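Trainee: any chance you could fold what I've pasted below:
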Amino acid sequence: MNPPARRRLARAVACAALAAGGAAHAADNCEAIRAQIDAKIRASGVAAFSLQVVDAPTRIAGKVVGSCDLGTKKIVYTPKDAPAAPPGEALLTECRDGSVRVGGDCPK
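Mentor: Alright, predicted model coming up:
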C-alpha cells in the first residue's frame, strides 16, 4: 500500500473511532444537560417536577426547556402539581374555523 493510501486508511479508521465514541458521548451530553437544567429549576425553589429526554419529533405534554444530541433530542419539563381547571368551570376551545367555543363543542 502506498503512503497516501495508508494516510487515507488511517484517517478513515480515526473517523470511525470518533463516530463510535460519539454515540456514547451524546448520551452523556443529554444527561449532563438534563442535570444542569434540573439544578437550575431546583435552585429557583421548584421541588415537584419531572424532566424527560425524548426524541425531538415526539409530541409530549410539557414545556421544552432544552435540547441535546445535536438537536435530535429535547428535554421536556412537566410540573407535578400543575393546577387543574376548577370543577364546573367550562373549557374554552378554539375551533378550526377560528371561532372560540365554551365547552369544546366545535362544529364539524
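
Trainee: only C-alpha atoms from now on, for both contacts and neighbour counts.
Mentor: OK.

Trainee: and the helices in the protein?
Mentor: For the chain, the helices defined by DSSP state H occupy 3-43.

Trainee: confidence-wise, which helix or strand of it is lowest on average?
Mentor: helix 3-43 (a mean of 66; mean pLDDT, DSSP states H and E).

Trainee: quick one: contacts for residue 96?
Mentor: Residues near residue 96 by C-alpha atoms under 8 Å, 6 or more residues apart in numbering: residue 106.

Trainee: actually residue 42, not the one I typed
Mentor: Per C-alpha under 8 Å, 6+ apart, neighbours of residue 42: none.

Trainee: again, only this time at 10 Å
Mentor: 48, 49 (C-alpha atoms under 10 Å, 6 or more residues apart in numbering).

Trainee: cool, and residue 95?
Mentor: Residue 95 neighbours (C-alpha under 10 Å, 6+ apart): 101, 104, 105, 106, 107, 108.

Trainee: so what's the residue count around the last one?
Mentor: Right, residue 108. Under the neighbour criterion other C-alpha atoms under 10 Å, residue 108 is assigned a count of 6.

Trainee: who's in contact with it?
Mentor: 95, 96, 97.

Trainee: for the fifth one, same thing?
Mentor: Residue 107 is in contact with 95, 96, 97, 99, 101, counting by C-alpha under 10 Å, 6+ apart.

Trainee: among those residues, which lie within strands?
Mentor: residue 101 (DSSP state E).

Trainee: okay if I get the contacts of residue 107 as TSV plus pLDDT?
Mentor: Below are the contacts of residue 107 laid out as TSV (pLDDT from 0 to 100):
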residue	pLDDT
95	75
96	75
97	80
99	77
101	72
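
Trainee: can I get the contacts of residue 107 in TSV with distance to residue 46?
Mentor: Listed next are the contacts of residue 107 as TSV, based on distance: C-alpha to C-alpha, whole Å:
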residue	distance to residue 46
95	34
96	36
97	39
99	37
101	34
